[in-house]
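1. Sequence plus predicted model, see below.
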Amino acid sequence: MRTLPIIPVAVLALVTLTACGSQTVSGDGAGAAGHRALTDLPYTDVRWNIESLTSEGRKTTAPAGASLHFPDGGTVQGNSGCNTFRADAGLDGDALVLGQVERTMIGCPEPAADFEETLLSVIGGRLKADLSADEKKLTLTDSGDGDTVTLTAESPTPLLGTKWTVNSLITGDVAASVPAGAEGAAHLVLGKDGTVRGNLGCNTFTGTAKVSGQKIALGRIASTKMLCDGAKGQVEAHLLKVLNGQVTFSVQHRGLTLTGPGERSLAAVAGG
C-alpha cells in the first residue's frame with residue numbers, strides 16, 4: 001500500500017493527494033499524451049458500489065455510501081463513505097491510469113477515516129480492471145502491490161420509499177459531518193402517497209411532500225415537542241431550516257442532497 005502525505009483537515013477544502021508512482025492524466029476527456037480516453041468500455045457508464053478493499057492482506061468492508069463512477073472519458077469520481085473525490089483517468093495499454101486524487105476534507109470518524117485513506121492510496125496509480133462475465137462485479141487491482149477494490153454495479157437509489165440518513169450539514173459552500181452524539185439519528189422517508197416522515201435529530205416529524213421535477217414542495221412540518229440541546233439540537237435546528245417550503249433535490253447513486261432556502265442543505269445516504 002502506498003503511503004499518503006499527512007494533510008491537515010479543513011472542511012470542504014480541496015486538496016491533492018499524490019501517491020508514489022502515480023501518473024497524472026488530463027481531465028479533458030481525451031487523456032494525457034500516450035493515454036487513451038475511457039470511451040466505449042462496459043464499466044464506464046455504470047455507478048459502482050464499493051463493497052470492500054483488500055490491502056496488505058487485510059480485507060475491509062466499505063462504509064455505507066462508498067461509490068465510484070466514470071462520468072466521462074477522462075475522469076473518475078466517487079465517495080469514500082465520507083468525502084467525495086475525483087481524479088483524471090485514462091488508459092495506458094490495458095492499464096487504467098489514475099492521476100492525482102482530489103477530495104473534499106470533511107472530518108471523518110473512525111473507521112471511515114482509515115478506510116478512506118487506504119482506498120485513495122490503492123486507487124491512486126496504475127490499475128488492472130477486471131469485469132465479471134455478467135458485468136455486475138468490477139475488481140480494480142493495484143499493478144504495483146496487488147491491493148484490490150471490489151465493486152458491485154448498482155442502479156440509482158429511488159427517491160421515494162428510501163430511508164435517507166443525514167450524514168452532512170451544509171451551509172453555503174461549507175459542509176460539516178453530523179456532530180458527535182447525533183450520528184445516525186436524523187433521517188427522512190418520502191412516501192409515494194405524498195408524505196414525508198422521519199426524525200429531525202431529536203424529535204420525530206411528519207408532513208406533506210409533493211415532488212415535481214427536481215423540486216419538492218413541503219407542507220408545514222409537525223413534530224413531537226421534546227426539548228433538544230447539544231448536538232441533537234444543532235442538527236434539528238439545521239434540518240428545520242432546510243425542510244422549509246420548496247427544496248431542490250439531487251440523487252446520485254446512494255446519496256441524496258436537499259437544498260432549502262437560505263443556502264442551507266443536507267446530504268444523506270440510503271439506509272443507515
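-> Now that the structure is in, tell me what you want to look at.
2. thought Thr104 was touching Asn83?
-> Yes: taking contacts as CB atoms under 8 Å, Thr104 lies within contact range of Asn83: 4.7 Å. Where C-beta positions appear, they are placed from N, C-alpha and C, glycine not excepted.
3. which of these two has more neighbours?
-> Asn83 (23 against 19; other CB atoms under 10 Å).
4. surely that one meets Val101?
-> No: contact criterion CB under 8 Å: Asn83 and Val101 do not qualify, at 10.6 Å.
5. so what's in contact with the two at the same time?
-> With CB atoms under 8 Å, 6 or more residues apart in numbering applied, the contact sets of Asn83 and Val101 do not overlap.
6. Report the buried residues of stretch 258-271.
-> By neighbour count on 16 or more other CB atoms under 10 Å, the buried set for stretch 258-271 is Leu258, Thr259, Gly260, Arg264, Ser265, Leu266, Ala267, Ala268, Val269, Ala270.
7. what about the residue with the shortest distance to the centre of the chain, distance to Gly201?
-> Relative to the mean C-alpha position of the chain, the nearest C-alpha, by CA atoms, centre = their mean, is the one of Asn79, at 3.2 Å. Distance of Asn79 to Gly201, given as CB to CB, to the nearest Å: 22 Å.
8. Val178 and Ser168 touch, don't they?
-> Yes: with contact defined as CB under 8 Å, Val178 counts as touching Ser168 (6.9 Å).
9. So these two - more neighbours on which side?
-> Val178 (25 against 20).
10. quick one, what contacts the more buried one?
-> With contacts defined as CB under 8 Å, 6+ apart, Val178 is in contact with Val166, Asn167, Ser168, Leu169, Gly184, Ala186, Gly201, Ala231, Val235.
11. run the last query once more with 7 Å
-> Residues near Val178 by CB atoms under 7 Å, 6 or more residues apart in numbering: Val166, Asn167, Ser168, Leu169, Ala186, Val235.
12. how about it, phi and psi?
-> phi -60, psi 130 (degrees, to the nearest 10).
13. and the gap between it and Gly262?
-> Counting by CB to CB, the gap from Val178 to Gly262 is 19 Å.
14. now do Cys202
-> With CB to CB as the criterion, Cys202 and Gly262 are 21 Å apart.
15. which residue packs closest to Gly172, ignoring adjacent ones?
-> Glu263 (4.5 Å; CB to CB, 6 or more residues apart in numbering).
16. what pLDDT does that neighbour get?
-> Glu263 carries a pLDDT score of 87 in this model.
17. repeat for Asp45
-> On the pLDDT scale, Asp45 gets 76.
18. can you check Gly271 too?
-> Per the predicted model, pLDDT is 84 at Gly271.
19. Do I have it right that Glu102 meets Asn83?
-> No: when contacts are counted by CB atoms under 7 Å, Glu102 is not listed as touching Asn83 (10.1 Å).
20. can you tell me the helix or strand for the most far-flung residue of the chain relative to its centre?
-> Ranked by distance from the centre of the chain (CA atoms, centre = their mean), the top residue is Lys225, with 32.8 Å. Taking DSSP states H and E as the definition, Lys225 sits outside all helices and strands.
21. roughly how far apart are it and Val166?
-> 21 Å.
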